[in-house]
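[1] pasting the sequence and the predicted model now:
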Amino acid sequence: MRMKTSKYLVPDDYMADPAVHVFNGKLYIYPSHDRESGIPENDNGDHFDMKDYHVFSTDDIENGEITDHGVVLDTKDIPWAGHQLWDCDVACKNGKYYMYFPLKDKTDIFRIGVAIADKPEGPFIPLPDPIRGSYSIDPAILEENGEYYMYFGGLWGGQLQRYRDNKALESAVFPADNEPAIPSRVVKLSPDMLQFAEEPRPVIILGKDGKPLTTGDNRKRFFEASWIHKYNGKYYFSYSTGDTHLLCYATGDNPYGPFTYQGVILTPVVGWTTHHAIVEFKGKWYLFHHDCVPSGDITWLRSLKVIELEYAGDGKIKTIEGTEK
């Protein structure tokens, strides 16, 4: 039977931005942890001042219990930490679990750090320094034939507009509406999983006309929240459009792209941001995301949700209506 309505997973706390994976036959959820920081809301996202991570697991996402494994990483334990521990992702290699997390350093610049654990539920021990050459937010990891790729980047508070060709600009630059939109990034990780193995590359999203999406096409172009999964041999790159509040996706034939825009996965939810994960578990596909209904539409107090995701016969993802309460 299809899980036709969405379900809140952690009703007693505010969790958002989920990364989700199957490890050792169980489903593990790695969300950010919202809190009331007292910081006024603004377009830079300063009010999202998260400071730790919990890990959740379950054998049965539809009817089973969700286990909270408690705090597995805290900013106070990260040597280079400034503040704002935003969303993370986790990968497994050779029995070790690697958590990749964005965090502002002591100069208020987002970097991406690494923490390591012996178990998927942690605890995770951070390295003393961030990844060399890392910047921006929203790391998401793809494993492909023993190679690991990181997708990352986010506009506005995510600082991606401050970079070009992997170098910092003197000031932020946004392209004109008719120019190609700022792309997310993809980079292969080093064999030890601790550094970039190459220079990050742009993730180009093409329209049906074969041309890159433009800045002005803000209901399709990338803003933040990269995720990547495979279905029937195709790579599905999904992302948030940010200020237009859609989850969209594009498909391609290899991890580097280019990807061709296909459509909307999730229409706007209650609350400003949309961030997600897509994973297969026990023969079904699920969309994990969040909204702000339980907090009364307080945008920085979000609640974790899940709903079954369906594909059409041609591989298209069926659009889910996000306004459900």
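    Everything's here; your move. Residues are numbered from 1 along each chain as shown.
[2] what about the strands in the stretch 151-300 of the chain?
    163-164, 167-168, 184-188, 201-203, 205-206, 224-231, 234-240, 247-252, 259-266, 277-281, 284-291 (DSSP state E, counting those that start in this stretch).
[3] columns mean pLDDT, distance to residue 151 and mean neighbour count on top of those, output as TSV?
    The C-beta positions use only the backbone N, C-alpha and C, and glycine is treated the same way. Below are the strands of the stretch 151-300 of the chain laid out as TSV (pLDDT from 0 to 100; distance: least, Cβ to Cβ, whole Å; neighbours: other Cβ atoms under 10 Å):
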stretch	mean pLDDT	distance to residue 151	mean neighbour count
strand 163-164	98	15	14
strand 167-168	97	19	10
strand 184-188	98	5	24
strand 201-203	98	7	20
strand 205-206	98	12	22
strand 224-231	98	4	22
strand 234-240	98	7	23
strand 247-252	98	12	22
strand 259-266	98	11	20
strand 277-281	98	12	20
strand 284-291	97	17	22
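[4] export those to a markdown table and tack on distance to residue 175?
    Listed next are the strands of the stretch 151-300 of the chain as a markdown table, based on distance: least, Cβ to Cβ, whole Å:
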| stretch | distance to residue 175 |
| --- | --- |
| strand 163-164 | 10 |
| strand 167-168 | 17 |
| strand 184-188 | 15 |
| strand 201-203 | 13 |
| strand 205-206 | 14 |
| strand 224-231 | 17 |
| strand 234-240 | 17 |
| strand 247-252 | 19 |
| strand 259-266 | 17 |
| strand 277-281 | 29 |
| strand 284-291 | 28 |
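[5] quick one: contacts for the most centrally placed residue in the chain?
    Nearest residue to the geometric centre of the chain (Cα atoms, centre = their mean): residue 225, 4.1 Å. Neighbour list for residue 225: 17, 87, 138, 154, 239-240, 247, 273-276 [criterion: Cβ atoms under 8 Å, 6 or more residues apart in numbering].
[6] quick check: which ranges of the protein have low pLDDT?
    Along the chain, segments meeting pLDDT under 70 span 1-2, 324-325.
[7] again, only this time at 90
    Residue ranges of the chain with pLDDT under 90: 1-6, 37, 39-45, 272-274, 323-325.
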